[in-house]
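K.L.:
Return atomic coordinates for the entry below.
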Amino acid sequence: RAQEWMQTKGIRDPFILFVGTIEPRKNLQGVLRAFSKLKAKNLYNIKLVVVGMKGWMDDSILKLINRFHLNEDVNFLGYVSNQELCQLYNLADLFIFPSFYEGFGFPIVEAFSCGTAVITSNVSSCPEVAGDAAEMVDPHNPEDICQAMIKILSDKKYKAELQQKALKRAEEFSFLKTAQDTLDVYKEVYKIPEYP
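P.N.:
From the prediction side, this is the model:
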């Protein structure tokens, strides 16, 4: 059923997934530059699927797609439901998230919880969230991002290691959330004051 849904969205090939509001800090331009380098190598029959609302979507994104001749290789899905997003994480060959700035980086944890291999930034909160469970890249360097894609796509053993680490890391966040929820209940029951 998931495969049928994917086909209705025009996704019939292996794909790399990008999730995030389309705005400068999410670095979709860097992803497109890196993806064009990957496609130019003719190593893989792979597409790029972009999920996210068009926040700051402007001509620069479309110009890059035209410049690199990626019209047939990039699929913009816009908004999808949580269930559909989960299917995308599960079916993606890898998840790419080389953001310039993140308050927390929830998509990294979402991808981890689905056991997806992740590429993310070595800046902002991304390394703290990812730990050792993701491939880190310089978000300002499309070649660095491209090489990370190749590393995961070409090395099945390494990809499997990342997937295992991702699931383990997701469990740690699940434990932290449970601990926080429990603490919140105790605070409510015992009226523990909040300290700055």
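
K.L.:
Could you give the backbone dihedrals for L167?
P.N.:
The phi/psi pair for L167 (degrees, to the nearest 10) reads phi -60, psi -40.

K.L.:
which SS state does the closest residue to it other than its chain neighbours fall under?
P.N.:
Nearest-residue entry for L167: G115, 4.8 Å, with adjacent residues in sequence omitted and distances by C-beta to C-beta, 6 or more residues apart in numbering. Yep, even glycine has a C-beta here, placed from its N, CA and C like the rest. Assigned with DSSP: H, G, I helix; E, B strand; the rest coil, G115 falls in the coil class.

K.L.:
how much space between G115 and L94?
P.N.:
From G115 across to L94, the span is 12 Å (C-beta to C-beta, to the nearest Å).

K.L.:
Compare those two (neighbour count), which wins?
P.N.:
Taking neighbours as other C-beta atoms under 10 Å, G115 and L94 compare with L94 leading, 24 against 17.

K.L.:
Contact partners for the more buried one?
P.N.:
Counting by C-beta atoms under 8 Å, 6 or more residues apart in numbering, L94 makes contact with I16, L17, T116, A117, V118, I119, M149, I152, L153, K159.

K.L.:
again, only this time at 6 Å
P.N.:
By C-beta atoms under 6 Å, 6 or more residues apart in numbering, the contact list for L94 reads I16, A117, I152.

K.L.:
what's across from it in the sheet?
P.N.:
L94 has the following beta-bridge partners by DSSP bridges: I16.

K.L.:
can you check M136 too?
P.N.:
In beta-bridge terms (that is, DSSP bridges), M136 pairs with T120.

K.L.:
count of neighbours near E72?
P.N.:
8.

K.L.:
Quick check on it: phi, psi?
P.N.:
Torsion angles, degrees, to the nearest 10, at E72: phi -90, psi -10.

K.L.:
Starting from K157, give me the distance back to it.
P.N.:
31 Å.

K.L.:
Do a quick rundown of the helices in this protein.
P.N.:
2-8, 28-40, 59-67, 82-91, 106-113, 126-130, 142-154, 156-190 (DSSP state H).

K.L.:
Low-confidence regions, the protein specifically.
P.N.:
For the chain, the stretches flagged by pLDDT under 70 are 1-2, 55-58, 174-196.

K.L.:
let's see 80
P.N.:
1-6, 21-23, 53-59, 103-104, 173-196 (pLDDT under 80).

K.L.:
ok, back up a step: just name the most buried of the helices of the chain.
P.N.:
Counting by mean count of other C-beta atoms under 10 Å, helix 106-113 has the highest mean neighbour count of the helices of the chain, with a mean of 23.
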